[in-house]
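Participant: Let me see the structure of the following:
(one chain, ligands or ions: 1)
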Amino acid sequence: MAHGLLAGKRGIISGALDENSIAWKVALNAKKQGAIFTLTNAPIAMRMGEINRLADICEAQIIPADATVVDDIEKLYAQSMDILGGKVDFVLHSIGMSPNIRKGRQYGDLNYDWFLKSVDISALSFHKFLQVAEKMDAINEWGSVVALTYMAAQRTFPFYTDMAEAKAMLESIARSYGYRYGKLKKVRVNTVSQSPTKTTAGSGIGGFDKFYDYADKMAALGNASAEDCANFVVTLFSDYTRMITMQNIMHDGGFSNVGVSAEILNDFAS
Ligand SMILES: NC(=O)c1ccc[n+]([C@@H]2O[C@H](COP(=O)([O-])OP(=O)(O)OC[C@H]3O[C@@H](n4cnc5c(N)ncnc54)[C@H](O)[C@@H]3O)[C@@H](O)[C@H]2O)c1
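Facilitator: Numbering: from 1, shown residues only. Coordinates of the predicted model:
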């Protein structure tokens with residue numbers, strides 16, 4: 001499905017860790033749609049080395065940046081504009097991590113230093129991406145910034161612990177900054193609320209495999225894959241969605257509007 005949707009556009013794609021990452025699929029798709037972009041991830045993630053393979057395929061340069069560090073983000077935009085030859089048209093924030101989840105802490109036993117770390121990495125970093133971009137005037141008019149989120153921001157999922165709070169903040173930042181950046185520069189800011197997806201971040205959540213199957217049986221269309229998500233994200237980067245901003249858009253095969261599905265009820269029939 002190469003339509004040249006992003007022909008002539010420049011961007012920054014964060015969060016590609018390995019070939020399962022949602023950001024990895026977005027990068028492949030953006031390349032196919034004619035965009036040029038830089039790739040970024042936390043310096044520690046570079047050690048895995050997988051991202052070099054993606055960079056080769058996409059003919060993209062990698063700029064290491066810890067998304068919690070403003071200096072790193074300033075360098076990310078400055079170097080991206082230098083490499084790409086001008087301001088960017090799209091930015092993907094595909095970053096999330098909770099030390100509490102990683103270390104198996106229950107919601108009633110959270111470590112608060114780690115909680116702050118979860119919020120810093122998974123939500124505040126989005127504000128930092130936007131604030132730095134505004135101050136450096138790094139995004140063209142009608143540019144598009146997208147962050148990935150999960151429905152635990154609206155409804156409770158016991159295994160999601162402090163990431164639920166982080167995602168609620170992330171979505172709120174999309175609304176608040178979307179208003180500001182829209183008025184200032186006609187830059188759009190949205191979050192995409194994705195189905196459970198088998199990635200490093202997803203699979204790190206306790207009971208993920210069972211929940212993945214449950215969501216798949218609940219959703220009218222089944223779970224949206226990472227490839228499906230990438231298809232959708234590139235439309236948000238394109239000029240075909242110019243008037244969408246400040247939204248949290250469900251990309252979940254209909255899961256969020258299903259009360260219960262016949263398949264799930266059948267599982268309880270004895
Ligand atoms: N997998 C799912 O089920 C699912 C569902 C909905 C939303 N999401 C969201 O999608 C996004 C991407 O996750 P994914 O599922 O592709 O998993 P992933 O593990 O492949 O990606 C997460 C990325 O965050 C990066 N990261 C962590 N700390 C960072 C830091 N300090 N600075 C810069 N980068 C940092 C990691 O290196 C990694 O590349 C996350 O925001 C996640 O919450 C995932």
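Participant: Residues of the stretch 151-270 of the chain that sit close to the ligand?
Facilitator: Residues of the stretch 151-270 of the chain lying close to the ligand by Cβ under 6 Å from any ligand atom are 194, 196-197, 199-202. C-betas here are computed from N, CA, C, even on glycine.
Participant: List buried residues within those.
Facilitator: For these, a burial check counting by 16 or more other Cβ atoms under 10 Å picks out 194, 196-197, 199, 201-202.
Participant: quick one: I73 and the ligand, what's the gap?
Facilitator: Taking Cβ to the nearest ligand atom, to the nearest Å as the measure, I73 falls 10 Å from the ligand.
Participant: what's the answer for A220, then?
Facilitator: In this structure, A220 lies at 18 Å from the ligand, with Cβ to the nearest ligand atom as the measure.
Participant: my guess is that residue meets G253, correct?
Facilitator: Yes: the pair A220 / G253 is scored as a contact, 6.1 Å apart, by Cβ atoms under 8 Å.
Participant: neighbour count winner among those two?
Facilitator: Neighbours were counted for A220 and for G253 using other Cβ atoms under 10 Å; G253 has more, 19 against 11.
Participant: Could you grab the helix/strand/coil label for that one?
Facilitator: Following DSSP: H, G, I helix; E, B strand; the rest coil, we place G253 in the coil state.
Participant: Over to it: give its phi and psi.
Facilitator: phi 60, psi 20 (degrees, to the nearest 10).
Participant: what's it in contact with, if anything?
Facilitator: Contacts here follow Cβ atoms under 8 Å, 6 or more residues apart in numbering; on that basis G253 touches 195, 219-224.
Participant: filter the residues you listed to the buried ones?
Facilitator: Buried by 16+ other Cβ under 10 Å: 195, 219, 222-224, out of those.
Participant: any residues touching the worst-scoring helix or strand of the chain on mean pLDDT, and which ones?
Facilitator: Lowest by mean pLDDT, DSSP states H and E among the helices and strands of the chain is helix 200-203, with a mean of 84. Residues from elsewhere that reach helix 200-203, judged by Cβ under 8 Å, 6+ apart: 17-18, 20-21, 96-97, 196, 208-209, 212.
Participant: Just the buried ones from those?
Facilitator: Buried subset of these (neighbour count, 16+ other Cβ under 10 Å): 17, 20-21, 96-97, 196, 208, 212.
Participant: Looking at those, which is nearest S172?
Facilitator: When the buried ones among the contacts of helix 200-203 are compared for distance to S172 (Cβ to Cβ), G96 wins out at 15.6 Å.
Participant: which non-adjacent residue is nearest that closest one?
Facilitator: Distances taken as Cβ to Cβ, 6 or more residues apart in numbering put S122 closest to G96, at 4.4 Å, once the chain neighbours are dropped.
Participant: List the buried residues for stretch 119-135?
Facilitator: Neighbour-count burial for stretch 119-135, counted by 16+ other Cβ under 10 Å, picks out 119-134.
Participant: For the one helix or strand Q79 maps to, C-alpha coordinates in CSV please.
Facilitator: If you go by DSSP states H and E, Q79 is part of helix 70-84. Output of helix 70-84 as CSV, limited to C-alpha atoms (Å, rounded to 0.1, in the frame of the first residue of the first chain):
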residue,chain,number,x,y,z
VAL,A,70,15.5,18.3,27.6
ASP,A,71,19.1,18.8,26.4
ASP,A,72,18.9,15.5,24.4
ILE,A,73,15.6,16.5,22.8
GLU,A,74,17.0,19.9,21.8
LYS,A,75,19.9,18.1,20.1
LEU,A,76,17.4,15.7,18.5
TYR,A,77,15.5,18.5,16.8
ALA,A,78,18.6,20.5,15.9
GLN,A,79,20.3,17.5,14.3
SER,A,80,17.1,16.2,12.6
MET,A,81,16.6,19.6,11.0
ASP,A,82,20.2,19.7,9.9
ILE,A,83,20.2,16.1,8.5
LEU,A,84,16.7,16.4,6.9
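Participant: who does the helix or strand just after that helix pair up with?
Facilitator: Later in the chain than helix 70-84, the nearest helix or strand by DSSP H and E is strand 88-93. Sheet pairing for strand 88-93, assigned by DSSP bridges, gives strand 10-14 (parallel), strand 139-149 (parallel).
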